[in-house]
Every structure is written in structure tokens, then in C-alpha cells.
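[1] Got a predicted structure here, sequence first:
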Amino acid sequence: MNHLPLIIKREYLTKVKNKSFIVMTILSPIIMIALIALVAYLSQLNNNKIKTISVLDESGLVQDIFQDTESTKYHLLENVTLEDAKKIVEETDGFGLLHIGSNSDLKELANTINFYSEDSPSFAIMESLESKIEKRLRELKLKQEGVDLNKINAAKINIEIGQESYSGEKTSKIDNIFKLIFGGLAGYMLFMFIIIYGNMIMRSVIEEKTSRIIEIIISSVKPVQLMLGKIIGTSLAGVTQFIIWIILGGFLLSLVSVIFGIDLMDSQMQQQEVLIQQAMENPEVVNNQIEVVKTAFFNLPILNLIIAFIIFFIGGYLLYSSLYAAIGAAVDNETDTQQFLLPIIMPLVIAVYVGIFTVIEDPHGTVSTVFSYIPLTSPVVMLMRIPFGVPIWEQAISVLILVGSFMFTVWFAAKIYRVGILMYGKKPSYKEVFKWLKY
Amino acid sequence: MENLLIAESVSKNFGDFTALNNVSISVPKGSVFGLLGPNGAGKTTLIRIINQITMPDTGKIVLDGEPLQSHHIKDIGYLPEERGLYKSMRVGEQALYLAQLKGLSHREAKSRLKWWFERLEIGDWWNKKIQELSKGMAQKIQFIVTVLHQPKLLIFDEPFSGFDPINANLIKDEILRLRDEGSTIIFSTHRMESVEEMCDHIALLHESNKILDGKLNDIKQQYRTNTYEVGLNIDDKETLHKELSSKFSVTQADFRSIREELKLNITLNGNETANGLLNYLTSKAEVSHFVELIPSANDIFIRTVEEN
């Protein structure tokens, strides 16, 4: 008798109707978005505080380069000693004092520059001050040497190396960033999905064991059916939850950005301003940028990505979740699962690390290629590689290995499952679990 | 009598451990078959093999004339000893689910469940969650689910544990009623008084071997020792006691009575009869008590296990 649909239906409905599942489904995106909004709000608060930096320029060469911005105001001090200046800044509660000494030699002058403040200034502020002064001093030095600045500016050439494959497909740096984002997102989603819902399957097996319902069910259902039903039912509940998260998250995100609108877009606005400035100088650049993003997206092997995503997602997930089910069957309670969980989590973590570090470095190198064949890591690593273009035959081999090992794992897990669910009382060792295979 | 279930030389090993060693049993149709044995004797393994939960290493099982196959699942109802239910599921949907797993349609399962719920007076539990019920209440649900699909063979492993005496009686009557309606029952228990009350046949397992089986009455016949418990009303007890001791093997007996009598267990040897003993006793004293000591299932159980 095929009870699979019945079991899947029960597993799905009990998961979906479970109160904590419902709460998690609704609350998670709300908390996530609230956190994002909070961080955005806080960083904006931080930026809004206008910092006043006093400048005491004894050389008189540099002071005119400091122009007020939204977050920083410059206050020029004149005709005071350094000691007085420090006092003034301290009394007026200014952010800090930039002191530039006087020296006829520009190189020596560079060594006389100091910043005094109560709290040490942030890296970004120092960086910006240094680059401003550096630029001015270099210009002055060049002038001293009698070099014509206009000529130097005119001689500046911007280089962007065009990338093209032998078959004539144009790529660009933005292309690569897109590929990274797509591959990384797919791999990471699979990783999260396996951990969250694998654990859920494991817990549900343990629950059946401890409540002893398994004793009643097992006389009407084959263990393999029960295990597969559990895996599929839980996964469907997981997919439901994921879809709700994406929809709810997207909705909330757009809601938040409408409310805090400008805040979230702030940094992007600044970038756009830069773009607009560039555009005034060179109108072609902007058009190019938009074009590049567009082509970057369409350059991705989209159909391949979608199909591969579905296959590797299902294959990888089933592979891992049957192992989770076997662990659940082998133990009596959740605290005993640790020793068995480690060998499952390890390859997953390795897969993600290989994905992040090696694939970015060299998507078709030996390490990436090998890990995209090994079944426990292939789903994550291959999903990260595919955007960079992996030949179909390589993908096919990886899928075949995955399917083969998936079938082996299900067989293996079912063996452990059918013995384990009826074993109580003691925490089994690896040795005992392997003995079960022979029962 | 025709047998519903035959197990032929079934053996099962778990690694180095032998759980069943060449065990054969025959369960006659319409009987209550007691499967007895101390803890760890192999009862549960045998029951799991009958339920196709575990496969035997050697031997075969025949159910109703056919070798055991997966479609026989619906012909067997099994109430395991260690039993539970999904804690967070409602009683009704849970019972429906379990019934459907046994192959009943949703509608059929529902109408039968309603009938049983009415019968055991638990109609208003339908929407309760299992965790709100007491252990005995949950046992009733498990019992209903076991018998709901009207299987030919019912296997009860310690069915009365967790029930109060009233409900245990209720369940006992239901089991006997099911037998009268044609079901065959395998009954595994440690409670010998219910074996005495209910079983027609028994098989005794000990350390993976079957050490005894047959009709309960035949076994009792086989184990009777020709011992009679007698009460004699006489003034001079000591003289009579001595006289009897010289003729028969006599031990002191202990039973309740309202008079101060001479209470003895008298064992006859092969060629003496109960009537002969009675005649002899009536000539000596007033006989107030005369009963054959029939070995109880409990005695047989303990004796056989100790002998092995």
C-alpha cells in the first residue's frame, strides 16, 4: 500500500499548523526588517551629528582646501598659539583640532601635521583629512618644480580593460560581481535550508520515538515510506515558509523604505550624485553604467542557473535530510545528537567556505572543481560556480554523482532508521549504528 | 481446528545475540492465544516478525493459508506494549490518520470511529489534544485504532497496562466479543490471571526458545500432580495425620475456612483414584473440603522457566 501521500499530508499539515512555526514564519521577517531599519536609523543618527573641526594652519598653505560638508564643519583659527587653540577647541566642545605647522620645505611641513581630540577620531575622518592635505601638498610641490598642472590633468587616462571570452561574449567586472551575488545567494540559501529543515526533520523523528507513536505506526507503514514522507512533508512546509518569508520580507522592506525612504537610499543617492557629476563631464559614462548592469544580468546563464538550482537544491537537500532522519532515529533525545551532527555540519561549512574563498578566487581551479564533484559539498559549490559558466557535461557528472550518492544515503539512512526507531534506552555508538546495517 | 497463523521454525539474530531460535507456533482460528515468557524471551521480536516490522533470518510465517506478504498489513491489528500517540494532534484527526494508514477510506474510517467512540463513551473527546488526556484515556484511543479495520488477527501486547480495573474489564469484554465475532487473538502478557481467564492456547518462550505450547487445558492436564487439598473434621488430628502420612505423601495445606480442621495436601501415586481417597477419608472423618489442586498458569510458567 502506498501511504506516501497520506504521510506527506500529515507531516505538512502538522508542521504548518504548529503554533511556533506560524509565529516564526510571521515574526522572522518582521524582526529582520526591524533590525535593518534600526541599523539604518542608528547610522543616520550618528551621521547627523555635525562635527566641527578646527584648523590652525600656521603655514597658510593648506587652509583653503577645507570645505564644509553635511556632516563636518571646518572652523579656521588664526593668530593663536597651539596651546590657546587647544583650549578654545576644548571649551567650545569642538570635535578636534587639526594643527599644521610652518616650514618652508614642503616635505618637512608634512611632518608637522597633528590632530588633537578628546576621543580618537574615526579612520574615515583621518583618511579624508590625509588625502585632502596630500593632494594639496603634491600640487604645491609640483608647482615648485615648475610642472604645469593642467598638462598633468590632461594627461590622465582612465583605463578599463575590456573582457571577452574566445566565443565573443563580453564580460566586465560588474558581471563578476553579479555572478558572485547570484552564486553566493543560491549556495547560502541551500545551506540555511538544509540546517533549518534538516534539524526539523530530526526533531520530528525523535518526537515519534519518544512518544512511542512509532510503535503503532510501524506495523502499518514501511519505515522507508515513513522517512521519505517525513522528509518531503517537512520540506514542503519549509518551502512554504521560505516563500512567505520572501514575500513578507520584500513587502516590509519596501514599506520601510517608503517610511524612512530617503534614509535607506541615502548612500545610493550619494553614489548617484557622483554619477551625475561624472555625467556632466562625460555623458556617455552613465548610459554605459546602466547598459553594463543590464548586460551583466543577461550575461548570466539564467536558464542553466534556474534548472541547476532546482536540481542541486533538491538533490543536496534530500541527501542531507535523510542523514538527519537517520540521526534522529539513532538517538533518544536531542542532546545525544551532537556526536552524529558534527560530520554532517562539517562538509556543509567546508562547502560554504570553499564557495566563498576559492570559487571567487578561481572558479574553475582544481579545488573548486573537485569540491563541485564531491556529493556532500557539490550542491553548494556547484551552485556558486555555475554563474561563471560551467560546461554542461561537468554539471551532468556532478548531478549523476549526487543522485547516486543520494540513493545510497537514503538506503543507508533507511537501514539505520528501521532499526533505530525501535531501539530505546541507550546512546548508541558509531560502531553499534554500523552493526544495525547488517540486521 | 484450522490455523489462522503458523510460524515455522523462525529464527532471528541481532548481531551476536539470538533473539529467536527455531520457534514454531500455530494459532487456531477464533482462539485467544497467549504468548508468554519472561522479559527478553523474544515475544516482541516474534510479534514484530508477524507484523513484518522485522524480517526473520530463517523460517516462514503463513497467515490464513498464504505466506506473509505486505498486503497482510490490513489483516493484522497490533497494539504494542510501548505505545504512544502524537501529543499535539487532535484525537479525531489522529485516529483518522492511523485508520487510513491501515487502508480504510476517510469516510469509512470516520463512521467506524464514531461508532466506537460512542460505544466506549468517549464521543466528546474528538477535538481534544492527546496531551490533555490521561494515560488510560489514550489507551482507549489506541485500542480503538487497533481493532478499527476489523482485522482477522489481533495482537495485544500487555493490553491492560494503564487501565483502571473498570476499564480493564471493559476492554477485556471487548476483546472477548471480537473473538466471538470471529477474530483470532494473540495475547502477550505477564498477568497470569488474565491468561487463566482468557486464553485457550498458550506458548511459552524462554531465552529465545519455545519451551511449551498447546491448549491451556491439555497443558494443565499434563502438569497436574494428582494432589488433592482436603479438610477433615476430627478431634484427634495428630493420629489421623500420622496414619495418612504412612499411606500417602502428605504436606500441610493452607486454605481459608471457618472451622478448625486438619488441612492437608495429599498426593496420590499412579494407581490410586480420587474416589478411592475420598472413600477412605470419609471412613475416617467428616470431609469438609475436597478439591483437586490444578496447577495455575502462574505455577506452570514459573515451573517451566525454572526447569529450563
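    Done, it's in.
[2] pLDDT value on the residue in the stretch 201-350 of chain A that chain B sits nearest to, please?
    Per C-beta to the nearest C-beta, residue A:212 is where the stretch 201-350 of chain A lies closest to chain B, at 3.2 Å. C-beta: built from backbone N, CA, C; applies to glycine. The model reports residue A:212 with a pLDDT of 84.
[3] shaky segments in chain B?
    When residues are selected by pLDDT under 70, those of chain B lie in B:1.
[4] Kindly provide the distance from residue B:80 to chain A.
    Distance of residue B:80 to chain A, computed by C-beta to the nearest C-beta, to the nearest Å: 4 Å.
[5] That residue against residue A:215, yeah?
    Yes - between residue B:80 and residue A:215 there is a contact under C-beta atoms under 8 Å: 3.9 Å.
[6] just the strands in the chain please.
    Chain wasn't specified; assuming chain A. With strands called from DSSP state E, chain A shows them at A:51-57, A:72-77, A:96-100, A:114-117, A:163-164, A:170-171.
[7] um, chain B though
    Under DSSP E, chain B gives strands at B:3-14, B:17-28, B:32-36, B:58-63, B:66-67, B:76-79, B:153-157, B:184-188, B:201-206, B:209-215, B:227-233, B:249-252, B:262-267, B:286-292.
[8] Would you indicate which residues of the last one are buried?
    Same thing as strand B:286-292. B:289, B:290 (16 or more other C-beta atoms under 10 Å in any protein chain shown).
[9] For it, name the packing helices and strands.
    Strand B:286-292 sits against strand B:227-233, helix B:274-284, with contacts defined as 3 or more C-beta pairs under 8 Å, 6 or more residues apart in numbering or on different chains; DSSP states H and E.
[10] Next, the buried residues of the first one.
    It refers to strand B:227-233. Buried, per 16+ other C-beta under 10 Å, within strand B:227-233: B:227, B:228, B:229, B:230, B:231, B:232.
[11] what do you get for stretch B:167-175?
    Buried, per 16+ other C-beta under 10 Å, within stretch B:167-175: B:167, B:168, B:170, B:171, B:172, B:174, B:175.
[12] and which of those residues is nearest to chain A?
    residue B:171 (16.3 Å).
[13] isn't the closest one right up against residue B:159?
    Yes - under the criterion of C-beta under 8 Å, residue B:171 makes contact with residue B:159 at 6.2 Å.
[14] which residues do the two both contact?
    When contacts are counted by C-beta atoms under 8 Å, 6 or more residues apart in numbering or on different chains, residue B:171 and residue B:159 are jointly contacted by residue B:143.
[15] average pLDDT across stretch A:191-203?
    89.
[16] CA atoms only for it - export them in CSV, please.
    Extracted C-alpha coordinates of stretch A:191-203, given in CSV (Å, rounded to 0.1, in the frame of the first residue of the first chain):
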residue,chain,number,x,y,z
PHE,A,191,23.0,25.9,3.3
MET,A,192,20.4,27.6,5.5
PHE,A,193,17.6,25.5,4.2
ILE,A,194,19.5,22.2,5.0
ILE,A,195,20.3,23.3,8.5
ILE,A,196,16.9,24.7,9.5
TYR,A,197,14.7,22.0,8.0
GLY,A,198,17.2,19.1,8.4
ASN,A,199,17.0,19.8,12.1
MET,A,200,13.2,20.0,12.0
ILE,A,201,13.1,16.5,10.4
MET,A,202,15.5,15.2,13.0
ARG,A,203,13.4,16.6,15.8
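[17] Show me which residues of that stretch are buried.
    Buried-residue list, stretch A:191-203, by 16+ other C-beta under 10 Å: A:191, A:193, A:194, A:195, A:197, A:198, A:199, A:200, A:201, A:202.
[18] Show residues contacting that stretch.
    So stretch A:191-203 is contacted by A:15, A:230-231, A:234-235, A:237-238, A:242, A:313, A:316-317, A:320-321, A:323-325, A:327-328, A:334, A:337, A:344-345, A:348, A:351-352, A:380 (C-beta under 8 Å, 6+ apart).
[19] and what of stretch A:419-437?
    Under C-beta under 8 Å, 6+ apart, the answer for stretch A:419-437 is A:205, A:208-209, A:214-215, A:218, A:223, A:326, A:329-332, A:336, A:339, A:412, A:415-416, A:439, B:15, B:48, B:53, B:82.
[20] are any of those residues buried, and which?
    A:205, A:208-209, A:214-215, A:218, A:223, A:326, A:329-332, A:415-416, B:48, B:53.
[21] returning to that earlier point: and the buried ones among the contacts of stretch A:191-203, selectable in ChimeraX?
    Selecting only the buried entries of the contacts of stretch A:191-203 in ChimeraX, with 16+ other C-beta under 10 Å as the criterion:
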select /A:15,230,231,234,235,237,238,242,313,316,317,320,321,323,324,325,327,328,337,344,348,351,352,380
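[22] I'd like the list of the contacts of stretch A:191-203 that fall within helices, please.
    A:15, A:230-231, A:234-235, A:237-238, A:242, A:313, A:316-317, A:320-321, A:323-325, A:327-328, A:344-345, A:348, A:351-352, A:380 (DSSP state H).
[23] filter those residues by proximity to chain B?
    Among the ones in helices among the contacts of stretch A:191-203, not one lies near chain B by C-beta under 8 Å from any C-beta of the partner chain.
[24] which parts of the stretch 51-200 of chain B sit against chain A?
    Checking the stretch 51-200 of chain B against chain A by C-beta under 8 Å from any C-beta, the hits are B:51-54, B:70-71, B:73-74, B:76, B:78-89, B:97-98, B:100-103, B:142, B:145.
[25] Can you get me a residue count around the residue nearest to residue B:81 when sequence neighbours are not counted?
    Distances taken as C-beta to C-beta, 6 or more residues apart in numbering or on different chains place residue B:157 nearest to residue B:81, at 3.9 Å, with adjacent residues excluded. For residue B:157, the count of nearby residues is 20 (other C-beta atoms under 10 Å in any protein chain shown).
[26] same deal with the one 4 residues further on?
    In terms of burial, residue B:161 registers 16 neighbours under the definition other C-beta under 10 Å.
[27] now it: how far from residue B:282?
    Look at residue B:161 and residue B:282: by C-beta to C-beta, to the nearest Å, they are 48 Å apart.
[28] again, but for residue A:49
    Relative to residue B:282, and taking C-beta to C-beta, residue A:49 is found at 119 Å.
[29] in chain B, what residue is nearest chain A?
    Closest point on chain B to chain A, by C-beta to the nearest C-beta, is residue B:84, at 3.2 Å.
[30] mind giving me the domain ranges of the chain?
    Chain wasn't specified; assuming chain A. If you go by automatic domain parsing, the domain ranges for chain A are A:50-143, A:172-436.
[31] wrong chain, I was asking about chain B
    Taken from automatic domain parsing, chain B resolves into B:3-221, B:225-292.
[32] Arrange those domains in TSV, one row each, with distance to residue A:141 as further columns.
    Below are those laid out as TSV (distance: least, C-beta to C-beta, whole Å):
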stretch	distance to residue A:141
domain B:3-221	78
domain B:225-292	123
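[33] Pick the most deeply packed of those domains.
    domain B:3-221 (a mean of 18; mean count of other C-beta atoms under 10 Å in any protein chain shown).
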